[in-house]
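Chemist: got a sequence here, can you build the structure:
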Amino acid sequence: KYPLLRFPEFTDEWKEVKLGEVLSFEVGYPFSSDAFNEEGNGVRLIKNRDLKADDRVVFYGGEYDAQYIVQNGDILIGMDGDFSPCLWKKGKALLNQRVGRVNANQNTSRVFILYVLVDSLKKIEHKTSSTTVKHLSHKDVEKIKAFLPSLAEQKKIAALLSLIDERIEVQNAIIKEQEVLKASLLRRLFDRTLRFPEFADEWTEVKLGEVVICYSSTMTEEELQKEGGIPIYGAAGCCGYADVDEPFLESILIIKDGSGVGRSQYVTGPHYFLGTLNSLRTTSPTIFQKFVFYFLGQLNLKKYVCGSGIPHIYFSDYSKASCFLPSLPEQRKIADLLSAVDERITVEKEYATLLQKQKAYLLRQMFV
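Modeler: Residues are numbered from 1 along each chain as shown. The predicted structure is shown next:
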């Protein structure tokens, strides 16, 4: 037993083991919520959600046993819902209940085991049935069968995959930085705190409906884009969306999971839209279509959402929004700048996708 792709200096067969033979599994402690706080008093507490995000950091200000201290480099597993393992990198913290920690023995690379667990736990997660939240036990982890090479080969594989993961993190940081830049540019360009030095004229205030019309179209998205229209979905000027994971190309409104409203942007996503295709068009040659597109991108559309069940929005409502228009040359310059930022974000996201594909390929080829 050996993988399809390996370093040339290794030729030994891999040995099959149960992970319980090469690792131990610790479960977190049920710390009292009476000592929880968000002011930074005490030590950070690790909950399931902390393995994926940092939207709400909780601290524990009471006494604790040192055996529950987590340090950078520890392998942690969420035991409810999403079982994906992670390598903790957020500093000293405490292992809370329903979060597990994996400790490998001296003849096993901890990081190599992490990559073994990624695929194995995903399979367990898919097989686990539950009417509410899926649960994982330490026995589920210890019973996993895996093929392991020598410690030297484990370390070399782990080092290669770790380098790719580090590059993915850097790439994601670049994308986030570009998206923050775009948001800042949208805000400052449209509130006129940032202008190109060659323009000093006052902007003219109009209602959006005075310069844009909405009508149904029989064209496909691609045909409509070639004609210069801004595609939206719905009927009779209404666009409603459900179960949307990512923004679609040039859509002006996206309602994710029936709750959150997204904003227009040049990003390709999946087709999960409801209704028929409509188009927004400018009504005057003095209005640049793409400028209107970016105006819609920074407009607060949430206040126009209505309806029970699937949320929706009517053009007749947001057409009343005030729109400030500069001269046509300034409109073009603003739109060109934002388009360049969008193109940069698209390129960076495409590269991030390639890195993820490279990692997925290596995980398939370098493990038995």
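
Chemist: distance of the residue nearest to L328 when sequence neighbours are not counted relative to K1?
Modeler: Spatially, and ignoring its direct neighbours in sequence, L328 is nearest to T286 (5.3 Å; C-beta to C-beta, 6 or more residues apart in numbering). All C-beta spots, glycine's among them, are computed from the backbone N, C-alpha and C. From T286 over to K1 the distance is 71 Å, taken as C-beta to C-beta, to the nearest Å.

Chemist: repeat that for S184.
Modeler: 54 Å.

Chemist: and the end-to-end length of stretch 138-152?
Modeler: Using C-alpha to C-alpha, to the nearest Å, the span of stretch 138-152 from its first residue to its last is 27 Å.

Chemist: which residues touch that stretch?
Modeler: By C-beta atoms under 8 Å, 6 or more residues apart in numbering, the residues outside stretch 138-152 that reach it are 1-2, 6, 10, 12, 14-20, 22-23, 25, 27, 77, 100, 102, 107-109, 112, 116-117, 120-121, 124, 154, 157, 367-368.

Chemist: give me the subset of those residues lying in helices.
Modeler: Restricting those to those inside helices, with DSSP state H as the criterion, leaves F112, V116, L117, S120, L121, I124, Q154, I157.

Chemist: including distance to L354 and pLDDT, could these go into a markdown table?
Modeler: Supplementary listing: the ones in helices among the contacts of stretch 138-152 in a markdown table, determined by distance: C-beta to C-beta, whole Å; pLDDT from 0 to 100:
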| residue | distance to L354 | pLDDT |
| --- | --- | --- |
| F112 | 24 | 96 |
| V116 | 24 | 94 |
| L117 | 24 | 93 |
| S120 | 25 | 89 |
| L121 | 25 | 89 |
| I124 | 29 | 84 |
| Q154 | 26 | 97 |
| I157 | 20 | 97 |
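
Chemist: and the helices in the protein?
Modeler: Secondary structure of the chain (DSSP H): helices located at 110-127, 138-142, 151-190, 208-211, 221-227, 289-298, 315-318, 328-365.

Chemist: V292 reaches T282, doesn't it?
Modeler: Yes: counting by C-beta atoms under 8 Å, V292 touches T282, with 5.9 Å between them.

Chemist: the two - which one has more neighbours?
Modeler: V292 (23 against 19; other C-beta atoms under 10 Å).

Chemist: do you know the pLDDT at the more buried one?
Modeler: On the pLDDT scale, V292 is placed at 84.

Chemist: quick one: the residue nearest to L328 and E210, what's the gap?
Modeler: T286 is 12 Å from E210, by C-beta to C-beta.

Chemist: give me the neighbour count for E343.
Modeler: Look at E343: counted by other C-beta under 10 Å, it has 11 neighbours.

Chemist: and what of N105?
Modeler: By other C-beta under 10 Å, the residues close to N105 number 11.

Chemist: still on that earlier bit, overlap in contacts, V292 and T282.
Modeler: Residues touching both V292 and T282 (C-beta under 8 Å, 6+ apart): V211, V212.

Chemist: show me where pLDDT drops low in this protein?
Modeler: Within the chain, the segments meeting pLDDT under 70 span 129-133, 215-280, 300-302, 305-314.

Chemist: which ones are touching L189?
Modeler: Contacts here follow C-beta under 8 Å, 6+ apart; on that basis L189 touches R195, I334, L337, L338.

Chemist: top of these by number of neighbours, please.
Modeler: For these, the largest neighbour count, defined by other C-beta under 10 Å, is 24 neighbours, found at I334.

Chemist: that one: what's it in contact with?
Modeler: For I334, counting by C-beta under 8 Å, 6+ apart, the contacting residues are L189, F196, F291, Y294, P326.
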